[in-house]
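1. sharing a sequence plus its predicted fold:
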Amino acid sequence: MANNADNILIGSATVSVNGTEIGYTQGGTTVAYDTEFVDVDADQANGIVRKGRSMERMYVRFNLLEVSLDQMRIAMMLPTVNLSGSVLTLGYNDACWVAENVISLVGPGPSCGTRTFSLPKAVSFGSKEYGMTRDSATMYAVEMEVLKDTSGNFGTITDS
């Protein structure tokens, strides 16, 4: 597979949250995978003799250009009842409730195909900033952490 130009992917992803496309984004969509390791050293060696994976994490990041109240509600992890018509009530005091979202990313794949990330369990987190400026579109940054399922998987990537 070396030197195959068909494997060079160019283009943006269509992002869906809970089965609904979120519309225009800006700055791309990023899927980040992070691992942490435990280093094991031994008295008989002057260095690390083994590495053990101790943590895996996955994140999805994108910037919304179509900032609807429902998208803001999802990004701020607020329950559905906080959105009534054209009013979004900010804040929620139930520490036991966490909104788990289904994320689908559909973008370009090898040989002019499609690559689909199916991530069935993601939670919005991090700081949210809503900036309004005279010379640029309002953009709303969203970051979600993908959670593992009962089998220990984050989801799937499918090329078609």
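-> Structure received. Numbers count the residues shown, from 1 in each chain.

2. in this protein, which spans are helices?
-> Along the chain, counting by DSSP state H, helices occupy 69-75.

3. so which residue is smack in the middle of it?
-> The C-alpha lying nearest the average C-alpha coordinate of the chain belongs to residue 60 (CA atoms, centre = their mean; 1.8 Å).

4. residues contacting the closest residue to that residue other than its chain neighbours?
-> In space, and not counting its chain neighbours, residue 60 is closest to residue 144: 4.9 Å by CB to CB, 6 or more residues apart in numbering. To be clear about C-beta, it is placed using only N, CA and C from the backbone, and glycine gets the same treatment. Contact analysis of residue 144 by CB atoms under 8 Å, 6 or more residues apart in numbering lists 59, 60, 61, 101, 103, 122, 123, 124, 125.

5. surely the second one is in contact with residue 33?
-> No - counting by CB atoms under 8 Å, residue 60 stays clear of residue 33, with 10.6 Å between them.

6. one step back: same list (the contacts of residue 144) but as a markdown table, adding pLDDT.
-> Below are the contacts of residue 144 laid out as a markdown table (pLDDT from 0 to 100):
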| residue | pLDDT |
| --- | --- |
| 59 | 98 |
| 60 | 97 |
| 61 | 96 |
| 101 | 96 |
| 103 | 97 |
| 122 | 97 |
| 123 | 96 |
| 124 | 94 |
| 125 | 91 |
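
7. list only buried entries from these.
-> 59, 60, 101, 103, 122, 124 (16 or more other CB atoms under 10 Å).

8. return the member of the residues you listed nearest to residue 4.
-> Of all those, residue 4 sits closest to residue 60, with 27.2 Å by CB to CB.
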